[in-house]
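Participant: I would like the atomic coordinates for the input below:
(one chain, ligands or ions: 1)
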Amino acid sequence: MAEFWQIGGHVQRAGRDSGSLGDLNGGSVGVGVLGPVLFLDDIRDGQVWLSALVLTRDDGDLAPLICDDGAAHPFRELACEAGWRVMRARFRGEARSTIRYSALGTTYELAGAFGGNLNIAFASCNGEEHGDLDRDPEERNVMWARLLREHKVRPFHLLLHGGDQIYADEVTQGHPLSEDWPDHLPKDPSREGLEDLRAHLRRGFFERYVSFFLGCPDMLALAATVPSLCQWDDHDICDGWGSLRRSRTYSPIGQTLFDVARETALLFQHACVDGDLPGRFHDPEGLSLSWRIDLPDLRIVAPDLRSERTRRQVMGRIGWEMMDDLLNAMPTRRLIVVSSVPLLGPRLSILEAVMVAIPQMQKYEDDLRDQWQSRAHRSEWRRMLELLRSISELGQTDITIVSGEIHLATRGTMPLGQGRVLHQLIASGVAHRAPPNAWARVLGWLAVLGDSPLSGAPIRMQRLPGQRRRYVAERNTLTLRRVDGEWGAIWDLEQSGPTAPLPV
Ligand SMILES: [Fe+2]
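Facilitator: Numbering: from 1, shown residues only. Next up is the predicted model:
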């Protein structure tokens, strides 16, 4: 705990034990304040716009956040649930200089300017479907501790969260309307019943987010000086959201679940509420949570693959509008695409065909439908790859895709023309334990076949530096590093340790 105080990221002990999430304290000591957790709202006109999120159990005012220039920025209450108030202060600094701020009695300094060498951390799949709240935090958060250690040696500028920031799968339990979600739903639930369900779910989602913050001081320490950028995936809502049958997704229960998941994702992953979405979002209404950030010689774009997803489409009008706009945007040297589901992977169509033929494998067929490579999405998949190829050709832009989702580490490549190569880096998960080695081997065999959705541009799954197999069954995170304009990728594998840098 002492070390924790020195680095930043705040857990303040309150004198009283208030709030009904008291069981989240892990003992009799009440934790009163959590944060600040920084988010990168936007970069515009040479200014970095940031949000600082603080959770407090106290009903008094928080002292304002103070910037280097002495300007005071008040904390505003965004939401309140079960005794926890979600507070946010917005502030800004110069994009090309070091940013300092003071909050909760501590002064914090960010890694440095965004214009030169860069160090970007990527994490995904922060949890597990069953019993995540009951795991030993030390075991669960090992990779977060390692990210913090790395941060002390080579400070990170940004922290990308590539999906499944929480695993909400169990929040539907314990309420009569959602107990059997998504298999059986009560017909015609009453208005009162749905309101009661909403309250139950809201508490459940809050519990997931607050538990993580409470149980992972290392992440808080990191997040106080490294701005986060998040894009959600299905488990931030429920397993397979968007790939479920319409009768589930569009039922009153499904819509209530999505509403609450979205509200809490806005709060805890974006430090905002409806009506005040930060400038990086393409749609100010947030019907799609797709966003884009333009840094010097670097653009990061994160299409939302969940809000507009149906069984027949991965993205809708808004997501595609943002992606198509990239063709007309001022060219940049490097484009990083955060795709919560990998864009390049092994040929899954064979597996999918087998699963369709065997009724007992229906559930796995639904899982495959969640992939870009599913035959249900093949034309949309090709459209996305063609678009990336055009962006690369027109703007002389190098493109790197980062994804999580599969709870393994691997990478893939696809030629883009003009000697450029599209790199797909997969790092997953930061807390989700790896599937059995046998599954990694099956995927490795499938990967030998390769796939060529665009003619003349074969996808190849490749080995990480120093690894014998294409898929590594270890928990892992990824660092993207820009040194003197050259980019490299380093995976940190739980057992094997960090890989040598891979030029990308
Ligand atoms: Fe996941």
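
Participant: mind jotting down where the strands sit in the stretch 101-250 of the chain?
Facilitator: All strands of the stretch 101-250 of the chain, identified by DSSP state E, counting those that start in this stretch, fall at 106-109, 118-123, 158-161, 228-230.

Participant: which stretch among these comes nearest Arg92?
Facilitator: Closest approach to Arg92 among the strands of the stretch 101-250 of the chain is made by strand 106-109 (14.8 Å; Cβ to Cβ). In this view, the C-beta of every residue, glycine as well, is placed from N, C-alpha and C.

Participant: ok, Asp180 to Arg369 distance?
Facilitator: Asp180 is 21 Å from Arg369, where distance means Cβ to Cβ, to the nearest Å.

Participant: more neighbours, the two?
Facilitator: More crowded of Asp180 and Arg369, by other Cβ atoms under 10 Å: Arg369, with 19 against 12.

Participant: a markdown table please, covering the strands of the stretch 101-250 of the chain and showing mean neighbour count, mean pLDDT and distance to Gly488.
Facilitator: Converted to a markdown table, these look like this (neighbours: other Cβ atoms under 10 Å; pLDDT from 0 to 100; distance: least, Cβ to Cβ, whole Å):
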| stretch | mean neighbour count | mean pLDDT | distance to Gly488 |
| --- | --- | --- | --- |
| strand 106-109 | 15 | 96 | 25 |
| strand 118-123 | 24 | 98 | 10 |
| strand 158-161 | 24 | 98 | 16 |
| strand 228-230 | 22 | 98 | 20 |
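
Participant: can I get these in a markdown table including distance to Gln418?
Facilitator: Shown next, in a markdown table, are the strands of the stretch 101-250 of the chain (distance: least, Cβ to Cβ, whole Å):
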| stretch | distance to Gln418 |
| --- | --- |
| strand 106-109 | 41 |
| strand 118-123 | 24 |
| strand 158-161 | 27 |
| strand 228-230 | 29 |
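
Participant: quick one: closest of those to Thr410.
Facilitator: With Cβ to Cβ, the closest approach to Thr410 among these belongs to strand 118-123: 13.9 Å.

Participant: not counting its own residues, what contacts that closest one?
Facilitator: Contact with strand 118-123 is made by 111, 143-144, 147, 150-151, 154-162, 222, 226, 295, 298, 336, 402, 404, 425, 427, 429-430, 477-482, as judged by Cβ atoms under 8 Å, 6 or more residues apart in numbering.

Participant: just checking: what are the partner strands of it?
Facilitator: strand 158-161 (parallel), strand 476-483 (antiparallel) (DSSP bridges).

Participant: any idea how far apart the tips of stretch 70-82 sit?
Facilitator: This stretch, stretch 70-82, spans 34 Å end to end (Cα to Cα, to the nearest Å).

Participant: for that stretch, what is the average pLDDT?
Facilitator: Averaged across stretch 70-82, the pLDDT comes to 96.

Participant: can you check stretch 192-200 too?
Facilitator: Averaged across stretch 192-200, pLDDT comes to 98.

Participant: what does the protein have sitting close to the ion?
Facilitator: Contact residues (Cβ under 5 Å from the ion) of the chain with the ion: Cys125, Asp164.

Participant: the same query, at a cut-off of 6 Å, please.
Facilitator: Contact residues (Cβ under 6 Å from the ion) of the chain with the ion: Cys125, Asp164, His235, Glu405, Gly429, His432.

Participant: what pLDDT does the first one get?
Facilitator: According to the model's per-residue confidence, Cys125 sits at a pLDDT of 98.

Participant: need the nearest residue in space to it, chain neighbours excluded.
Facilitator: Spatial nearest neighbour of Cys125, chain neighbours left out: Gly429 (2.5 Å); criterion: Cβ to Cβ, 6 or more residues apart in numbering.

Participant: isn't that neighbour up against Leu478?
Facilitator: No: Gly429 lies out of contact with Leu478 (Cβ atoms under 8 Å); the separation is 11.3 Å.

Participant: which strands or helices does the helix of greatest length in the chain pack on?
Facilitator: When the chain is parsed with DSSP state H, its longest helix is helix 191-215. Helices and strands touching helix 191-215, by 3 or more Cβ pairs under 8 Å, 6 or more residues apart in numbering; DSSP states H and E, are strand 31-44, strand 76-81, helix 217-223, helix 252-270.

Participant: if we use 6 Å, what do you get?
Facilitator: helix 252-270 (3 or more Cβ pairs under 6 Å, 6 or more residues apart in numbering; DSSP states H and E).

Participant: quick one: contacts of the helix it packs on?
Facilitator: By Cβ atoms under 6 Å, 6 or more residues apart in numbering, the residues outside helix 252-270 that reach it are 78-79, 86, 165, 177-178, 185, 189, 194, 197-198, 201-202, 205, 209, 230, 232, 236-237, 248, 272-273.

Participant: which secondary element of this protein has the worst mean pLDDT?
Facilitator: One helix or strand of the chain scores below all others by mean pLDDT, DSSP states H and E: helix 2-7, with a mean of 27.

Participant: what about the stretch 351-500 of the chain, any weak spots by pLDDT?
Facilitator: Applying pLDDT under 70 to the stretch 351-500 of the chain flags the ranges 360-364.

Participant: tell me which stretches of it form strands.
Facilitator: Using DSSP E, counting those that start in this stretch, strands in the stretch 351-500 of the chain cover 398-403, 410-417, 420-426, 460-462, 476-483, 486-493, 497-498.

Participant: mean neighbour count added to the ones you listed, as JSON lines?
Facilitator: Formatted as JSON lines, the strands of the stretch 351-500 of the chain follow (neighbours: other Cβ atoms under 10 Å):
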{"stretch": "strand 398-403", "mean neighbour count": "22"}
{"stretch": "strand 410-417", "mean neighbour count": "22"}
{"stretch": "strand 420-426", "mean neighbour count": "22"}
{"stretch": "strand 460-462", "mean neighbour count": "19"}
{"stretch": "strand 476-483", "mean neighbour count": "22"}
{"stretch": "strand 486-493", "mean neighbour count": "20"}
{"stretch": "strand 497-498", "mean neighbour count": "14"}
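
Participant: so which of those is nearest Asp61?
Facilitator: Shortest distance between Asp61 and those, using Cβ to Cβ, is found for strand 476-483: 37.0 Å.

Participant: so how far is that closest one from its chain's centroid?
Facilitator: Remark: strand 476-483 is offset 16 Å from the chain centroid, using Cα atoms, centre = their mean, to the nearest Å.

Participant: what does stretch 68-88 give?
Facilitator: Its chain's C-alpha centre and that of stretch 68-88 lie 23 Å apart, by Cα atoms, centre = their mean.

Participant: what do you get for stretch 272-292?
Facilitator: With Cα atoms, centre = their mean, you get 15 Å for stretch 272-292.

Participant: neighbouring contacts of it?
Facilitator: With contact meaning Cβ under 6 Å, 6+ apart, stretch 272-292 is reached by 41-42, 78, 266, 293, 301-304, 307-308, 318-319, 322.

Participant: and the helix or strand hosting Ile350, what's buried?
Facilitator: Element membership for Ile350, per DSSP states H and E: helix 349-357. By neighbour count on 16 or more other Cβ atoms under 10 Å, the buried set for helix 349-357 is Leu351, Glu352, Met355.

Participant: and the second one, what is it in contact with?
Facilitator: Shown here is Glu352, whose contacts under the criterion Cβ under 6 Å, 6+ apart are Leu368.

Participant: in TSV: the strands paired with strand 118-123, plus distance to Gly456.
Facilitator: Shown next, in TSV, are the strands paired with strand 118-123 (distance: least, Cβ to Cβ, whole Å):
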stretch	distance to Gly456
strand 158-161	31
strand 476-483	28
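
Participant: re the thing from before, any idea which of the contacts of stretch 272-292 has the most stuff around it?
Facilitator: Ala302 (28 neighbours).

Participant: may I have the phi/psi pair for it?
Facilitator: With angles defined as degrees, to the nearest 10, Ala302 sits at phi -130, psi 90.

Participant: contact partners for the residue nearest to Cys125?
Facilitator: Ser124, Cys125, His407.

Participant: same check on Thr56?
Facilitator: Val33, Arg85.
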